[in-house]
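Undergrad: Would you be able to build a 3D model of this:
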Amino acid sequence: MPKPDIHPKWYPEAKVYCNGEVVMTVGSTSPELHVDVWSGNHPFFTGTQKIIDTEGRVERFLRKYGMMDGTEEATPDASQGKKKR
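TA: Modelled structure (predicted):
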């Protein structure tokens, strides 16, 4: 099927290593893959992700779109505070 001598060797059971342990097997052109992060230890997938908010952007977004839990006072709409000339 594929032309001979132009495709790399395919390893259907290539082992993926993270911190010296086999974490999964995948198809690859390399027999072994060594990774630092995979879905088993990434904060997004493990639920330990933290939002770093150094400038109050998250709070400002929540106030703007009315998603505050009621403990903070919502700011009035910008269009209400303007005076007509």
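Undergrad: Is Leu62 located within a helix, as I assumed?
TA: Yes: secondary structure assignment places Leu62 in a helix (DSSP: H, G, I helix; E, B strand; the rest coil).
Undergrad: okay, it: pLDDT?
TA: According to the prediction, Leu62 has pLDDT 83.
Undergrad: my guess is it meets Gly56, correct?
TA: No: no contact is recorded between Leu62 and Gly56 when judged using C-beta atoms under 8 Å, the distance being 10.1 Å. C-beta coordinates here come from the backbone N, C-alpha and C atoms, glycine included.
Undergrad: For Val22, which residues are in contact?
TA: In this structure, Val22 makes contact with Lys15, Val16, judged by C-beta atoms under 8 Å, 6 or more residues apart in numbering.
Undergrad: Could you do Gly20 as well?
TA: Under the criterion of C-beta under 8 Å, 6+ apart, Gly20 has no contact partners.
Undergrad: change the start of the numbering to 11 and stick with it
TA: From this message on, residue numbering opens at 11, which makes the last subject Gly30.
Undergrad: Quick check: the gap between it and Asp46.
TA: Taking C-beta to C-beta, to the nearest Å as the criterion, Gly30 is separated from Asp46 by 12 Å.
Undergrad: follow-up on the earlier one: which of Leu72 and Gly66 has more neighbours?
TA: Looking at Leu72 and Gly66 with other C-beta atoms under 10 Å, you find the greater number of neighbours at Leu72, namely 14 against 9.
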